[in-house]
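**Student:** What follows is a predicted protein model with its sequence.
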Amino acid sequence: MGIVSKFGYGRKVPGVWARPEMDVTFIAELMPGLSREDRTFRIESVLRNGRVKLHNFPGEFREAAFEPLDFAAAKK
C-alpha cells in the first residue's frame, strides 16, 4: 500500500535510507583527523527530500555525506 507524499497519492517514497534516532557516521573526507566516534551523530529528523537533520549539529545532510549503513551488523 502506498502513502500520501509529495510524490502523489499511492506512491512510495523512493530510497528511504534513514530513520529518526539512528546513528550515522560522516565519511572521513568530510571530517579529516577526527575519530569515528567523533564523526558519529544521531538523526533528529528525516526531511521529505531525503536529507537528515542531526542532534547537536547544524545543517541538513544527504546520504552521500555518511558512511554506508550496514543493517545486518546493526541487528547483531
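**Tutor:** Sure, I can see it.
**Student:** beta partners for the closest residue to residue 56 other than its chain neighbours?
**Tutor:** Closest residue in space to residue 56, ignoring its immediate chain neighbours: residue 41 at 7.1 Å, by CB to CB, 6 or more residues apart in numbering. Every residue, glycine included, has its C-beta placed from N, CA and C. Under DSSP bridges, the beta-bridge partners of residue 41 are residue 24.
**Student:** burial count for residue 41?
**Tutor:** Burial measure for residue 41: 18 neighbouring residues, criterion other CB atoms under 10 Å.
**Student:** Now for it: which residues touch it?
**Tutor:** If a contact means CB atoms under 8 Å, 6 or more residues apart in numbering, then residue 41 has 23-26, 54-57 as its contacts.
**Student:** among the residues you listed, which ones are buried?
**Tutor:** Using 16 or more other CB atoms under 10 Å as the burial test, the contacts of residue 41 include 24-26, 54 as buried.
**Student:** can I get the residues you listed in a markdown table with distance to residue 61 and pLDDT?
**Tutor:** Below are these laid out as a markdown table (distance: CB to CB, whole Å; pLDDT from 0 to 100):
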| residue | distance to residue 61 | pLDDT |
| --- | --- | --- |
| 24 | 8 | 96 |
| 25 | 12 | 97 |
| 26 | 8 | 97 |
| 54 | 7 | 98 |
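**Student:** Tell me the secondary structure at the residue most central in space within the chain.
**Tutor:** In the chain, the centroid-proximal residue (CA atoms, centre = their mean) is residue 18; its distance is 4.2 Å. Classification of residue 18 by DSSP: H, G, I helix; E, B strand; the rest coil places it in coil.
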